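Q: just to be clear, the model below is a prediction. Sequence and coordinates:
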Amino acid sequence: MHGPIAKGQPLMALRDVRKAYNLGLPNEAEVLHGLSLQVDSGEFVALIGPSGSGKSTLLNIIGLLERMTSGSYLLQGEPVQALDDTQRTLRRRGTLGFVFQFHHLLPAFTALENVCMPYLLRAGRVAAPERERARALLDAVGLSRAMDKRPFELSGGMQQRVAIARALVLDPPLVLADEPTGNLDTASSDEVFVQLRRIHAERGTSFIVVTHDPRLAARCDRIVELVDGAIATDTLQLPR
C-alpha cells in the first residue's frame with residue numbers, strides 16, 4: 001500500500017510530453033505540445049483552461065489511462081511511460097485515486113459496498129479491517145448515517161462524497177479529480193470541495209483537480225493553466 005509521503009518530495013514529474021491522436025493519418029492532431037509539469041507531495045493543484053486545451057488528456061496521462069506519444073513520466077521517482085498494460089494497472093491501483101464529474105457508483109450496492117469495491121477488485125474479497133476502514137472514510141466525509149443507503153437514496157453531493165471515500169480507500173498518495181463538482185449545484189460543490197481540502201489537510205494526500213469553476217480554483221494552493229496544449233501559467237497562491 002502506498003500512503004502519503006512527506007510533503008515537499010517530488011511525487012510526479014512529466015518532461016517534454018507530447019500527445020497526438022491518429023498518428024500517421026491525414027487527420028493526425030497533437031493535443032499536448034512538449035509539456036513539462038512536476039507536482040510535489042502534499043500539493044493541492046488546480047488545473048484550469050478552456051475546453052479543448054488538453055486538461056482531461058493530461059489528467060489521463062498522469063492517471064496512466066492514456067499513453068503519451070513521447071516524453072518521460074516519473075511517478076514517485078520511477079519511470080512509468082514504458083510499463084505494459086498489466087503493470088500500469090497495478091501501478092495505478094497502488095498509487096492513484098480517481099474522482100470524476102460523474103461518480104460512477106454501482107446502483108445495486110450500498111454506499112459502504114461501493115467504497116469497498118477497490119478492495120474487492122484487488123483481492124476478490126473484503127477483510128473485516130478493510131470494511132472498518134471504509135466505514136471510517138465514510139464517517140470522515142460526513143456519511144456515517146448513510147452507509148447502508150444505495151446511490152438513488154443519496155443527493156448528488158452525498159454521492160460524490162461516497163466517490164471521494166472510494167478514491168481514498170487504498171490510501172493513494174495522489175488523487176486525480178476531473179471536474180468533481182461539475183455536475184453539482186453551488187452548495188453541493190462547496191460541500192464536496194470542503195471534504196477534498198480537509199482530507200488534504202489531515203492526510204497530506206496530494207490532489208490535482210480539473211475545474212472550470214474559478215471560485216474553486218482560487219481556493220487551491222497552486223493553479224496551472226493550460227491553453228492550446230501547453231502550460232500558459234503556473235501560479236502559487238498566497239496562503240489564506
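A: Arrived safely. Numbers count the residues shown, from 1 in each chain.

Q: show me the shaky parts of this structure.
A: By pLDDT under 70, the low-scoring segments of the chain are 1-9, 102, 238-240.

Q: host element of the spatially most central residue of it?
A: Residue closest to the mean C-alpha point of the chain, counted by Cα atoms, centre = their mean, is Leu176 at 1.2 Å. Following DSSP states H and E, one finds Leu176 within strand 174-178.

Q: can you tell me what sits against that strand?
A: Strand 174-178 is contacted from outside by 11-12, 39, 56, 59, 62-63, 95-101, 167-168, 196, 205-210, using Cβ atoms under 8 Å, 6 or more residues apart in numbering. Just so you know, the C-beta spots here come from the backbone N, C-alpha and C atoms, and that holds for glycine as well.

Q: what do you get for stretch 96-108?
A: Outside of stretch 96-108, the residues within contact range by Cβ under 8 Å, 6+ apart are 62-64, 111, 113-114, 117, 150-152, 159-160, 162-164, 166-168, 170, 172, 174-180, 182-183, 196, 205.

Q: one more time with 6 Å
A: Stretch 96-108 has contacts (Cβ atoms under 6 Å, 6 or more residues apart in numbering) with 63, 114, 151, 159-160, 162-164, 167-168, 172, 174-180, 182-183.

Q: the helices in the protein, which residues?
A: Along the chain, counting by DSSP state H, helices occupy 55-62, 85-95, 111-123, 128-140, 156-168, 186-203, 214-217.

Q: can you show me the CA trace of the strand holding Leu176 as PDB?
A: Backbone C-alpha positions of strand 174-178 (Å, rounded to 0.1, in the frame of the first residue of the first chain) are rendered in PDB as follows:
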ATOM      1  CA  LEU A 174      -2.100  11.200  -5.300                       C
ATOM      2  CA  VAL A 175      -5.800  11.800  -6.100                       C
ATOM      3  CA  LEU A 176      -6.900  13.000  -9.600                       C
ATOM      4  CA  ALA A 177     -10.200  14.800  -9.700                       C
ATOM      5  CA  ASP A 178     -11.700  15.600 -13.100                       C
END
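
Q: direction included, what does it pair up with?
A: Strand 174-178 sits in its sheet next to strand 96-100 (parallel), strand 206-210 (parallel), going by DSSP bridges.

Q: just name the most buried of the ones you listed.
A: strand 206-210 (a mean of 24; mean count of other Cβ atoms under 10 Å).

Q: which parts of stretch 230-240 are buried?
A: Within stretch 230-240, the residues that count as buried by 16 or more other Cβ atoms under 10 Å are Ile231.

Q: from the chain's centroid, how far away is that stretch?
A: Stretch 230-240 sits 19 Å away from the centroid of its parent chain (Cα atoms, centre = their mean, to the nearest Å).

Q: got phi/psi on the residue located most distally from the centre of the chain?
A: What lies farthest from the middle of the chain is Pro26; by Cα atoms, centre = their mean that is 33.7 Å. Per-residue torsions, Pro26: phi -60, psi -30 (degrees, to the nearest 10).

Q: picking up where we left off before, export the strands paired with strand 174-178 as a markdown table, with columns for distance to Pro50.
A: Formatted as a markdown table, these follow (distance: least, Cβ to Cβ, whole Å):
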| stretch | distance to Pro50 |
| --- | --- |
| strand 96-100 | 20 |
| strand 206-210 | 12 |
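
Q: much appreciated, bye for now.
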